[in-house]
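Participant: coordinates only, sequence not included:
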């Protein structure tokens, strides 16, 4: 069985003023469709597109999973999406139809629908993102890491070079112009127009504060006189501002007038009673209607008795998640960050809060801001304490200075160490070739760490378990090596030492919808299965301090919940019981408590009618 991929959890302009010929009035929008996610980040980072007839919605998550929604019945249309293809990978709208990527005769091939029953190959590289004009006659495709786009029709396309990495594109309604949003080297963006017949490239406006990630996030007004693009604002951001965990840098829809070059907000959130603290993106125009997606993520850290019982919120209203315990069981480190599409994940820092197990937590304590614990440029993820409490180890994308976006030149992807209680102590880089490293855990003797990572020489999305020796006096790392695992373990997502150090627990991605817990010998030669469960996200695992059980997160009735299971196997016990999604369990060192992330992600498709301001017609 092919293992599922996991993608990482994984950008100024002068303020322009002018009159708009076509603008959004204060008419209230309607909610067309709502999607609630149980996953850690894969759906928050999804992209959404609407068919040219407005009847279908296509969502693609960060890990590549796609869903086609019939907007008339508001139900999934899996059969239409896959078109009977056993090797189906993904699809993209081409007019009101779909292009589909599948393996045919052993070759990954994009296919177009010539009839209801016939699929014909289209000469598009499998890794590229295709898009079509509204009538399906024009075709463009690009690689979201390159500075070129291919433009033409379904039979033939020609290369067009730009000076920015292409992230989004859309055709004008008449198909004569392709509009492209490209990421500049400094992390800001440029909006281009490309004439479909002549391939002439015109930079329309530079230094836009847009999201640096790929997606379907451009739209064109019905009269083809403006481009609608999501931006965090109209002022050039400082790279350090991007990295603040909490900021007002949320995406809003702006209208760029092609004649006057005026850039104005599409609508006023406050006039429609909309709350702040969410992104508006993925715009599309169908007829005279504007569609867009609002993305709202709420997260907190909760604690419950390890034996089961009512959970209580420990950190609320502070955008905290991914908890880990200090050795004294009296402090919890949490990752602090808003899920802002324009900045994530470089805005991740780590704070620490006190935990009082003897008294009911007062509201003032729960709402108090975590104290800074790991603060530096680029992202930081949960730390793990050494057994003696002297060191912390964590995964970070540290860089020499502030960078404009995740993955910018100079960023690392490795494990770092620091003296635990000295915030000013030097940070020590102990690995040097990581690629989407996961959580990091110490061996009980304090002389090595274990973590998961992709192999830079291997297949993207497939993990391996690595062990690195640590000098307990200096914190220096050495002898980084891959732990060999039995063939029954397909794609390790997380690995953690047992309390005795003679075994490891491994969470394996057995299939796109199922994970399996294994207990593996220290040398990796022997493995025994503990339990398989429904999951398609980073749920996390944790040993009970006595070594007799494991905690994990599994999907049950559409929500992620925390379970425990004996290491020897047996019937799992559900620990949590509440609304929302609970992930990333961590047991306190004294074995009495379990902390976890409490997360909810809601993506709402809105529709709003456009109007001609001069005539007042809708």
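Facilitator: Received, thanks. Because the structure is predicted, anything quoted here is derived from the model rather than measured.

Participant: I'd like the average pLDDT over stretch 283-295.
Facilitator: Averaged over stretch 283-295, pLDDT sits at 95.

Participant: Then stretch 128-147?
Facilitator: 94.

Participant: how long is that stretch from one end to the other?
Facilitator: 12 Å (CA to CA, to the nearest Å).

Participant: Stretch 221-236 too?
Facilitator: 26 Å.

Participant: Can you list the buried residues in it?
Facilitator: For stretch 221-236, a neighbour-count test (16 or more other CB atoms under 10 Å) marks 221-222, 224-234 as buried. All C-beta atoms are positioned from the backbone trio N, CA, C, and that covers glycine.

Participant: same check, this time on stretch 531-544
Facilitator: Applying 16+ other CB under 10 Å to stretch 531-544 flags 531, 533, 535, 536, 537, 538, 539, 540, 541, 542, 543, 544 as buried.

Participant: What pLDDT is listed against residue 519?
Facilitator: Residue 519 is given a pLDDT of 97.

Participant: That one: which element?
Facilitator: strand 514-521 (DSSP states H and E).

Participant: For the buried residues of stretch 531-544, which two are the farthest from each other?
Facilitator: 536 and 544 (25.3 Å; CB to CB).

Participant: Low-confidence stretches in the stretch 301-450 of the chain?
Facilitator: 317-318, 358-368 (pLDDT under 70).

Participant: mind listing the strands in it by residue range?
Facilitator: Using DSSP state E, counting those that start in this stretch, the strands of the stretch 301-450 of the chain run over 312-315, 320-325, 331-336, 349-354, 371-374, 384-385, 391-396, 414-419, 428-429, 440-442, 448-454.

Participant: Off-centre distance for the first one?
Facilitator: When distances are taken as CA atoms, centre = their mean, to the nearest Å, strand 312-315 is centred 24 Å away from the chain's centroid.

Participant: Partner strands of that strand and their direction?
Facilitator: strand 289-305 (antiparallel) (DSSP bridges).

Participant: If we only consider the buried residues of stretch 531-544, which is nearest to residue 555?
Facilitator: residue 535 (5.5 Å).

Participant: can you pull the contacts of that closest one?
Facilitator: Neighbouring residues of residue 535 by CB atoms under 8 Å, 6 or more residues apart in numbering: 513, 514, 515, 553, 554, 555, 560.

Participant: What values do phi and psi take at the residue lying closest to residue 96 once chain neighbours are set aside?
Facilitator: Using CB to CB, 6 or more residues apart in numbering and skipping residues adjacent in sequence, the residue nearest residue 96 is residue 53, 4.5 Å away. Backbone torsions of residue 53, given as degrees, to the nearest 10, read phi -100, psi 0.

Participant: I'd like the strands of the stretch 301-450 of the chain as CSV, with mean neighbour count and distance to residue 576 appended.
Facilitator: CSV is the format used below for these (neighbours: other CB atoms under 10 Å; distance: least, CB to CB, whole Å):
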stretch, mean neighbour count, distance to residue 576
strand 312-315, 20, 12
strand 320-325, 26, 14
strand 331-336, 25, 17
strand 349-354, 20, 20
strand 371-374, 18, 26
strand 384-385, 22, 22
strand 391-396, 25, 25
strand 414-419, 22, 30
strand 428-429, 16, 36
strand 440-442, 23, 22
strand 448-454, 23, 25
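
Participant: on that earlier part again, which positions in the strand holding residue 519 come out as buried?
Facilitator: Buried, per 16+ other CB under 10 Å, within strand 514-521: 514, 515, 516, 517, 518, 519, 520.

Participant: Please report how far the second one lies from residue 491.
Facilitator: Yep, that's residue 515 we're talking about. Using CB to CB, to the nearest Å, one gets 10 Å for the distance from residue 515 to residue 491.

Participant: Among the buried residues of stretch 531-544, name the ones in strands.
Facilitator: In strands, defined here by DSSP state E, the members of the buried residues of stretch 531-544 are 531, 533, 541, 542, 543.

Participant: Can you tell me which of the buried residues of stretch 221-236 is nearest residue 329?
Facilitator: residue 232 (40.1 Å).

Participant: Is the closest one in contact with residue 338, as I believe?
Facilitator: No. Counting by CB atoms under 8 Å, residue 232 stays clear of residue 338, with 11.8 Å between them.

Participant: How confident was the prediction at residue 19?
Facilitator: 30.

Participant: for residue 26, that is, sorry about that
Facilitator: So, for residue 26, pLDDT stands at 41.

Participant: How about residue 4?
Facilitator: 40.

Participant: Can you go through the contacts of residue 535 and name the buried ones?
Facilitator: Using 16+ other CB under 10 Å, the buried members of the contacts of residue 535 are 514, 515, 553, 554, 555, 560.

Participant: returning to what we had before: please render the buried residues of stretch 221-236 as CSV that adds distance to residue 588, pLDDT and secondary structure to the earlier fields.
Facilitator: Formatted as CSV, those follow (distance: CB to CB, whole Å; pLDDT from 0 to 100; DSSP: H, G, I helix; E, B strand; the rest coil):
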residue, distance to residue 588, pLDDT, secondary structure
221, 56, 95, coil
222, 58, 94, coil
224, 60, 95, coil
225, 61, 95, coil
226, 56, 97, strand
227, 53, 97, strand
228, 49, 97, strand
229, 47, 96, strand
230, 42, 95, strand
231, 44, 95, strand
232, 39, 93, coil
233, 42, 90, coil
234, 47, 89, coil
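
Participant: And these, which is closest to residue 320?
Facilitator: Looking across those and measuring by CB to CB, the closest to residue 320 is residue 232, at 22.4 Å.

Participant: Just confirm residue 281 contacts residue 293, I think it does.
Facilitator: Yes. Look at residue 281 against residue 293 with CB under 8 Å: they come within range, at 5.8 Å.

Participant: Provide a list of residues in contact with residue 71.
Facilitator: 32, 33, 54, 55, 56, 57.

Participant: ok, now with 10 Å
Facilitator: Applying CB atoms under 10 Å, 6 or more residues apart in numbering to residue 71 gives the contacts 32-33, 50-51, 53-57, 77, 291, 605, 607.

Participant: Secondary structure, neighbour count and distance to residue 217 for these - can I get that in JSON lines?
Facilitator: Converted to JSON lines, the contacts of residue 71 look like this (DSSP: H, G, I helix; E, B strand; the rest coil; neighbours: other CB atoms under 10 Å; distance: CB to CB, whole Å):
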{"residue": "32", "secondary structure": "strand", "neighbour count": "18", "distance to residue 217": "17"}
{"residue": "33", "secondary structure": "strand", "neighbour count": "18", "distance to residue 217": "18"}
{"residue": "50", "secondary structure": "strand", "neighbour count": "27", "distance to residue 217": "12"}
{"residue": "51", "secondary structure": "coil", "neighbour count": "20", "distance to residue 217": "16"}
{"residue": "53", "secondary structure": "coil", "neighbour count": "14", "distance to residue 217": "20"}
{"residue": "54", "secondary structure": "coil", "neighbour count": "18", "distance to residue 217": "18"}
{"residue": "55", "secondary structure": "coil", "neighbour count": "13", "distance to residue 217": "21"}
{"residue": "56", "secondary structure": "strand", "neighbour count": "21", "distance to residue 217": "18"}
{"residue": "57", "secondary structure": "strand", "neighbour count": "25", "distance to residue 217": "15"}
{"residue": "77", "secondary structure": "coil", "neighbour count": "16", "distance to residue 217": "23"}
{"residue": "291", "secondary structure": "strand", "neighbour count": "23", "distance to residue 217": "12"}
{"residue": "605", "secondary structure": "strand", "neighbour count": "23", "distance to residue 217": "14"}
{"residue": "607", "secondary structure": "strand", "neighbour count": "18", "distance to residue 217": "17"}
